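Trainee: Compute the structure for the input listed below.
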Amino acid sequence: MTTSPLTVFGVRHHGPGCARALRAVLERLEPDLVLVEGPPDAAPVAPLLADPTMRPPVALLIYRPEQPRQAAFYPFTSFSPEWQALLYALARRIPARFMDLPQAVQLARRVAGETDIDEAPPPATEADSAAVPVREAPPDPAREDPIGALAQAAGYSDRELWWEHQIEQRQDAEGLFEGILEAMSALRDAASGPAPEEEGLREAHMRQIIRAARKEGFARIAVVCGAWHAPALANPGPAAPDAALLKGLPKVVVTATWVPWTNARLSTRSGYGAGITSPGWYEHIWQYAGSATGRWVTRAARLMREAGLEASPASVIEAVRLADTLAALRGLPQPGLTDLREAIQSVLGGGDPAPMALIRDRLEIGDRLGEVPAGAPTVPLAQDLAAQQRRLRLKPSAEITTLDLDLRQELGRVRSRLLYRLKLLGVEWGVPDRGAIRGLGTFHEFWRLQWQPELSLALVEACLWGTTIEAAAEARTERLATDAADLPALTELLDLTVLAGLPAGVDRVLARVAERAALSADLRHLMDALPPLARVARYGDVRGAGGERMQPIIESLFERIAAGLIGACASLDDDAAEAMADSMAHVRECLDLLDLKEQQVAWRQVLHGLIEREGVHGLVRGWACRLLLEARALEAPELQRLAGLALSPVTPAPQAAAWVTGVLRGSGLLLLNQDGPWRALDAWLRALDPDIFTAALPLLRRAFSGFEAPERRKMGEKVAFLGTEGGKGGGGDAGAPDLDPQRVALVLPVLARILGLERSP
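Mentor: Numbers count the residues shown, from 1 in each chain. Next up, the predicted model:
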């Protein structure tokens, strides 16, 4: 490891064992310079590490100001060896420098598209780089996953288990880094094929930084790098080849800052190639090295109790004892995560694996969100957002929280406007929770809030629209209105603009809606455009948006829909009929929101015209019947007559099944109060030939699949009742042949299972 005055420490980027051993060795070595694998572009913001308000996990963000999507994150947490090396240098007042190939060069070398932070990059190698946008991914297994290769060589199928046994539970750091250097040297020697070009450039640049430090006269240089790079840096060799390799590399202008990070983004399941499977566990053993077992089981028990599960103190004691026993049986000095999982599931969970999913998410990974100093460089848009978050008492959190906003209060309205403006800018901090239980009137909104690290980059990207949230949202709205592809997209944008409280944006989008509505010839587009307009007209006054301006547009669109719908429904195939039924539901939604007497009468007339038109697809005719039934504009005898016609023997089975599917769309409670459709359906099924019945059965099963199991059971009971004497035997034909009860008894269980009507034992 040591070639005086140079000492190279190969580490795992987020490993508490490496971090603890590194800190101990640095205390003994007392270097006068610390070089860390990281972006030299971050030198201006590196001093912020000394700020007491900096709380990991955090990440360095390096991006191009003119193209913010071209960016790289370098995550750090409290147990990252690089983080501990930097803190050591700050505490000893010795210089610390980043030495990786600058992102100014790396971003310049990447082609457009590969740098888009929202696209899924190839996975990073474990010991390659701590940056999220990663380099080339060579096919050699040793390069892709050095730790996995070492674990496999040691006979382990689980790389994390090998790492925990060899590093995290290691009692003495003596010889650790020499062993890592030797192992990585062997892996590099055995690697097949040439090294990737990007890897060669990065290692050449790091060697150049080491040589420059030597020339400055530093006597004891500590180099902290990914374990894979350690053999390439231990003996820098002559400078000429590296200088030739780095000569003439392109550069771009970049900016650096610190952003909050989360434990979830440190985990491998987030797609971070240098991630770890259980950052919450690693943080725990970093903080409580001497008492990790008891504290971990206690935290798990507390979490289970908060979720309403039983976890007594006596069970905690038994789980700790079991974990200790399992570790002893496996020859380990102390329980690891595998031992604790098994003990918690066996004792606290009673063998049930379900609670382990909660422990996995909340403890093993965790929801910690880091903090960066207020003095960290930020774009004006981020500064405006931070000021509004403080003023409105909306603190960002990595945990999913529910926010209930009362729009009758000024605070609720202002909070809602902020969240919708961010949504317009593509900063999805909040998601409207339309599934929340309301019961509090139309003046309440429910949001699910969760701050993700990528939102910091989204704010940088949104800066091109303005320097404040309001101004940027106005400019973004104008561009979206110009680029909207069709009328439904425009009306959705109008709805969002009203909710965001942007009066000037509303005027611009409304003008585009009126213009596009006058020119649109697609009837479905007109129908799909109605619900957002209706929401604005219905709820706009809650926000002072003047929803009355929507009324003339809605009436104009409806007039064109009523005039053309019957003709547009002729000769539709199955897919087109399904789409048309969805659009018809949008018209119904609009009329339900608004009290438009004339339009409601006209809509019922159109629906009556559809159900009598033979050339209309069965699904559309059945759905028209259902809409009239819900509007109380179709009497039971008339529905039974229509069902008899639609399900008559002369009607092709697919069209008859489609009619049934249309009638069954929506809630099943209304249909349970009608006898006519069930009698007609029963008679139709009885009259089908066996081959036709077999062909129609999948369509019918799909029609009933949208109902809940209790609804399907009630429907089955209703049909059974209609076929009894109490139901006046309406289910069968007078001339139907007598049935053999024994043969019927064989068929009924199979049919009940197909229809999902079997009873629980």
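
Trainee: Quick one: residues contacting Leu455.
Mentor: Contacts for Leu455 were tallied using Cβ atoms under 8 Å, 6 or more residues apart in numbering; they are 427-429. For every residue, glycine as well, the C-beta is placed using N, CA and C.

Trainee: Figure out the helix or strand that it lives in.
Mentor: Using DSSP states H and E, Leu455 falls within helix 454-462.

Trainee: after that helix comes which helix or strand?
Mentor: Using DSSP H and E, the first helix or strand after helix 454-462 is helix 469-483.

Trainee: Tell me the buried residues in that next one?
Mentor: 469-470, 472-478, 480-481 (16 or more other Cβ atoms under 10 Å).

Trainee: Show me what it is packed against.
Mentor: On a contact count with 3 or more Cβ pairs under 8 Å, 6 or more residues apart in numbering; DSSP states H and E, helix 469-483 meets helix 380-391, helix 410-424, helix 487-499, helix 503-519.

Trainee: what angle do the last one and helix 469-483 make?
Mentor: Think helix 503-519. Going by axes from the mean of the first three to the mean of the last three Cα atoms, to 10 degrees, helix 503-519 is angled at 10 degrees with respect to helix 469-483.

Trainee: what's helix 503-519 packed up against?
Mentor: helix 469-483, helix 487-499, helix 551-568.

Trainee: can I get these in JSON lines with mean pLDDT and distance to Asp41?
Mentor: Below are the helices and strands packed on helix 503-519 laid out as JSON lines (pLDDT from 0 to 100; distance: least, Cβ to Cβ, whole Å):
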{"stretch": "helix 469-483", "mean pLDDT": "91", "distance to Asp41": "26"}
{"stretch": "helix 487-499", "mean pLDDT": "86", "distance to Asp41": "37"}
{"stretch": "helix 551-568", "mean pLDDT": "85", "distance to Asp41": "52"}
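
Trainee: For Asp384, find the nearest of these.
Mentor: helix 469-483 (5.4 Å; Cβ to Cβ).

Trainee: For stretch 310-322, buried residues please.
Mentor: 311, 315-316, 318-320, 322.

Trainee: which residues of the stretch 1-150 of the chain score low on pLDDT?
Mentor: 1-4, 111-142 (pLDDT under 70).

Trainee: which SSE is Phe446 in?
Mentor: Going by DSSP H and E, Phe446 is part of strand 444-449.

Trainee: Put the alpha carbons of that strand into CSV.
Mentor: What follows is strand 444-449, C-alpha atoms only, in CSV (Å, rounded to 0.1, in the frame of the first residue of the first chain):
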residue,chain,number,x,y,z
HIS,A,444,-60.6,20.8,0.0
GLU,A,445,-57.6,19.5,-1.9
PHE,A,446,-55.4,16.6,-1.0
TRP,A,447,-51.7,16.2,-2.1
ARG,A,448,-49.0,13.6,-1.6
LEU,A,449,-45.7,15.3,-1.1
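
Trainee: Packing partners of that strand?
Mentor: Taking 3+ Cβ pairs under 8 Å, 6+ apart as the contact cut, strand 444-449 packs with strand 401-406, helix 410-424, strand 430-432.

Trainee: Neighbour-wise, which one of the contacts of Leu455 leads?
Mentor: Val427 (26 neighbours; other Cβ atoms under 10 Å).

Trainee: how many other residues sit next to the closest residue to that residue other than its chain neighbours?
Mentor: In space, and not counting its chain neighbours, Val427 is closest to Ala458: 4.7 Å by Cβ to Cβ, 6 or more residues apart in numbering. Look at Ala458: counted by other Cβ under 10 Å, it has 20 neighbours.

Trainee: Which residue ranges make up the domains of this protein?
Mentor: Per the record, the chain has its domains at 2-270, 288-365, 380-470, by automatic domain parsing.

Trainee: could the ones you listed go into JSON lines alongside distance to Asp740?
Mentor: Listed next are those as JSON lines, based on distance: least, Cβ to Cβ, whole Å:
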{"stretch": "domain 2-270", "distance to Asp740": "58"}
{"stretch": "domain 288-365", "distance to Asp740": "47"}
{"stretch": "domain 380-470", "distance to Asp740": "49"}
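
Trainee: most neighbours per residue, which of those?
Mentor: Of all these, domain 2-270 carries the top mean neighbour count, a mean of 19, counting by mean count of other Cβ atoms under 10 Å.

Trainee: how far is that one from where the chain is centred?
Mentor: The chain centre lies 29 Å from the centre of domain 2-270; the measure is Cα atoms, centre = their mean, to the nearest Å.

Trainee: Quick check, Ser571 in contact with Gly615.
Mentor: Yes - taking contacts as Cβ atoms under 8 Å, Ser571 lies within contact range of Gly615: 6.6 Å.

Trainee: which helices and strands sit right next to the strand or helix carrying Ile317?
Mentor: Using DSSP H and E, Ile317 sits in helix 313-329. Counting contacts by 3+ Cβ pairs under 8 Å, 6+ apart, helix 313-329 is packed against helix 292-306, helix 337-343.

Trainee: how about the helices in the stretch 551-700 of the chain?
Mentor: 551-568, 574-593, 597-611, 618-630, 636-646, 653-663, 669-672, 676-687, 690-705 (DSSP state H, counting those that start in this stretch).

Trainee: Same list (those) but as a markdown table, adding distance to Gly10.
Mentor: Converted to a markdown table, the helices of the stretch 551-700 of the chain look like this (distance: least, Cβ to Cβ, whole Å):
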| stretch | distance to Gly10 |
| --- | --- |
| helix 551-568 | 67 |
| helix 574-593 | 58 |
| helix 597-611 | 73 |
| helix 618-630 | 65 |
| helix 636-646 | 75 |
| helix 653-663 | 64 |
| helix 669-672 | 67 |
| helix 676-687 | 73 |
| helix 690-705 | 57 |
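
Trainee: Among those helices, show the one with the smallest mean pLDDT.
Mentor: Mean pLDDT is lowest for helix 669-672 among those, at a mean of 65.

Trainee: between the contacts of Leu455, which is closest to Phe79?
Mentor: Trp429 (28.0 Å).

Trainee: Give me the nearest residue to that closest one, chain neighbours excluded.
Mentor: Nearest to Trp429 is Leu422, by Cβ to Cβ, 6+ apart, at 5.5 Å.

Trainee: quick one: contacts for that neighbour?
Mentor: 385, 428-430, 469, 473.

Trainee: let's go with 10 Å and repeat that
Mentor: Applying Cβ atoms under 10 Å, 6 or more residues apart in numbering to Leu422 gives the contacts 385, 388, 428-430, 455, 458-459, 462, 469, 472-473, 500.

Trainee: what are the bridge partners for Met401, then?
Mentor: Slight slip there: residue 401 is Thr, not Met. Leu449 (DSSP bridges).

Trainee: Give me the angle between the strand holding Phe446 and helix 487-499.
Mentor: 100 degrees.

Trainee: quick one on the thing from earlier: please identify which of the buried residues of helix 469-483 is nearest to His165.
Mentor: Ile469 (50.4 Å).

Trainee: looking at it, the closest one is touching Asp384, isn't it?
Mentor: Yes - counting by Cβ atoms under 10 Å, Ile469 does reach Asp384; the two are 5.4 Å apart.

Trainee: quick one: common contacting residues for those two?
Mentor: Leu459.

Trainee: what does the average pLDDT come to for the helix holding Leu455?
Mentor: Averaging pLDDT along helix 454-462 yields 84.

Trainee: cool, stretch 176-196 as well?
Mentor: On average, the pLDDT along stretch 176-196 is 85.
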